[in-house]
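> fold the following, please.
(one chain, ligands or ions: 2)
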Amino acid sequence: MAGVEVGLVGLPNSGKSTLFDALAGGGAVVAPHMFSTVETVHGVADVRDPRLEALDAVSSSQSGKIVPATLQVVDIAGLVSGASHGEGLGNQFLGSIRNTDAVLHVLRCFQDDAVAHPAGRIDPLEDAETVELELVLADLAAIERRAERVGKAAKGGEAAAVAEGTALETLREWLEEGRPARSCPVEVPASLDLLTAKPELYVANVDEGGDAEAVAAVERFAAERGSECIAVNAKIEAELRELPPEDAEAFLADLGIERPALDLVTLAAYRLLDLIPFFTTGPKETRAWTIRRGQNAQQAAGRIHSDLERGFIRAEVIEWDRLVEAGSEAEAKRRGWVRVEGRDYVVADGDTLNIRFNV
Ligand SMILES: Nc1nc2c(ncn2[C@@H]2O[C@H](COP(=O)(O)OP(=O)(O)OP(=O)(O)O)[C@@H](O)[C@H]2O)c(=O)[nH]1
Ligand SMILES: [Mg+2]
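Ligands and ions are numbered 1, 2, ... in the order given. Below is the predicted model of the structure:
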């Protein structure tokens, strides 16, 4: 699990590149005409977590150097109906997001006559279905290519190939009904990298006022699919990124927004992928590290450095808020709040670790 990567999908002019800029701080092509993105763009977003600042203010650290977890983001061209058959630019770009961990689906909820909509109306649910059908069709094409290869091996009597051929057939029938691979009862071969097997997070791109009705509809749509929807005003958030941090804060306060919605997007992506952060803090830096939920202290140590995993002795563990409450590591220890855990300890979201190891 090197970097965690998400790919943006959506209709042309839904605001993918604007959201990309807001997340990654620039680099995408944003324009009011359709198909303004014609090249895949990669960027990195910080997973901003207010817990890191609180931790860094604890007396033993206070380095002021905060290293957040990150999320890699890939911006591609808009998809239109028929993309899987070569309409628009979409299909050739889907290859760029085959290797990502999740799909971030941008749905246009904002009204703006200066920004054309490919179907000439605002209807985020219809749009979602259009795009998802294209993803299903792209996956079907991938399955068919694979089935052809597997079919030859199956004819030769290879047992594994026969079994895979049967699984592919079930999968094909499932997708032909317009359903995503992630809900299919058969196991999907990971090497197929099916787009519809990836977790999908919805972003409702809203106007200043926020369209409560449209957002509620997208939220229901997402919930029915076992996912989440985050409402973001991508345009404002992208503009915000260009301001110095103090001005950005004042600007947000003026709008009555407590926290940039972007932070919620990155955190939701982490949640959807079952990733959790743990923290380390000291005089040099306060830092977030990423592990899969369920991983133990020794595996967490390995995220920091392979030497720490190999020479692991024990972990000193304290929940981030308890350390903040104690005010210093020494005080936390005096209160008996720092636990000593062995390598099998399952690390929890927000644990602050100090790994003891042999070199
Ligand atoms: N009013 C308003 N305009 C927005 C919002 N988000 C994006 N836009 C505008 O919509 C236009 C298209 O945005 P892009 O981010 O380029 O859209 P895209 O989805 O990347 O489009 P393609 O690359 O063509 O697929 C730009 O003029 C943006 O400034 C929003 O929340 N409100
Ligand atoms: Mg774009």
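
> gap between the nearest residue to D344 once chain neighbours are set aside and ligand 1?
Of all residues not flanking D344 in the chain, N296 sits nearest, at 5.3 Å (C-beta to C-beta, 6 or more residues apart in numbering). Quick note: C-beta positions are derived from backbone N, CA and C, even for glycine. Distance, N296 to ligand 1, by C-beta to the nearest ligand atom, to the nearest Å: 41 Å.

> residues near N296, how many?
Other residues lying near N296 total 18 when counted by other C-beta atoms under 10 Å.

> so it touches D351, yeah?
No: using C-beta atoms under 8 Å, N296 makes no contact with D351, being 11.5 Å away.

> what about the stretch 151-300 of the chain, any weak spots by pLDDT?
The model of the stretch 151-300 of the chain has no residue with pLDDT under 70.

> do the top helix by length along the chain and ligand 1 come into contact?
Looking across the chain with DSSP state H, the single longest helix is helix 124-155. No: shown here: helix 124-155 not in contact with ligand 1 (C-beta under 6 Å from any ligand atom), separated by at least 10.9 Å.

> identify each buried residue in that helix, please.
For helix 124-155, burial by neighbour count (16 or more other C-beta atoms under 10 Å) applies to 124, 127-128, 130-140, 142-143, 146-147, 150, 154.

> show me what that helix is packed against.
helix 90-94, strand 102-108, helix 159-176, helix 212-224 (3 or more C-beta pairs under 8 Å, 6 or more residues apart in numbering; DSSP states H and E).

> with respect to burial, which of those scores highest?
When you average the neighbours per residue for each of the helices and strands packed on helix 124-155 (mean count of other C-beta atoms under 10 Å), strand 102-108 leads with a mean of 26.

> strands of the protein, residue ranges please.
Applying DSSP state E to the chain gives strands spanning 5-9, 41-47, 66-67, 69-75, 102-108, 200-205, 229-232, 275-281, 286-292, 312-319, 339-341, 351-357.

> touching the longest one from outside, list them.
Strand 312-319 is contacted by residues 297-298, 300-301, 332, 337-343, 345, 347-348, 350-358 when judged by C-beta atoms under 8 Å, 6 or more residues apart in numbering.

> and that strand, which strands flank it?
Neighbouring strands of strand 312-319 in its sheet, by DSSP bridges, are strand 339-341 (antiparallel), strand 351-357 (antiparallel).

> let me know which of those strands is tucked in deepest.
Per-stretch averages of neighbours, counted by mean count of other C-beta under 10 Å, single out strand 351-357 among those, with a mean of 19.

> L308 reaches L353, doesn't it?
No: checked against C-beta under 8 Å, the pair L308 and L353 is beyond contact range at 9.8 Å.

> kindly report the residues of the protein close to ligand 2.
Contact residues (C-beta under 5 Å from the ion) of the chain with ligand 2: 16-17, 37.

> contacts with ligand 1 among the residues you listed, please.
Filtering the residues of the chain next to ligand 2 for neighbours of ligand 1 using C-beta under 6 Å from any ligand atom leaves 16-17, 37.

> still on that earlier bit, ligand 1: which of the strands paired with strand 312-319 is closest?
strand 351-357 (36.8 Å; C-beta to the nearest ligand atom).

> residues contacting the closest residue to R98 other than its chain neighbours?
Among residues not flanking R98 along the chain, D193 sits closest, at 4.3 Å (C-beta to C-beta, 6+ apart). By C-beta under 8 Å, 6+ apart, the contact list for D193 reads 98-99, 142.

> what is the nearest of the residues you listed to L252?
Set against L252, the nearest of these by C-beta to C-beta is N99 (34.5 Å).

> and the closest one, how many neighbours?
10.

> how much space between the closest residue in space to it that isn't next to it in sequence and D321?
Leaving aside its chain neighbours, N99 sits nearest to D193 (6.2 Å; criterion: C-beta to C-beta, 6+ apart). According to C-beta to C-beta, to the nearest Å, D193 and D321 sit 39 Å apart.

> surely F110 and A204 touch.
No: the pair F110 / A204 is not scored as a contact, 9.3 Å apart, by C-beta under 8 Å.

> neighbour count winner among these two?
Ranked by neighbour count (other C-beta under 10 Å), F110 and A204 place A204 first, with 28 against 24.
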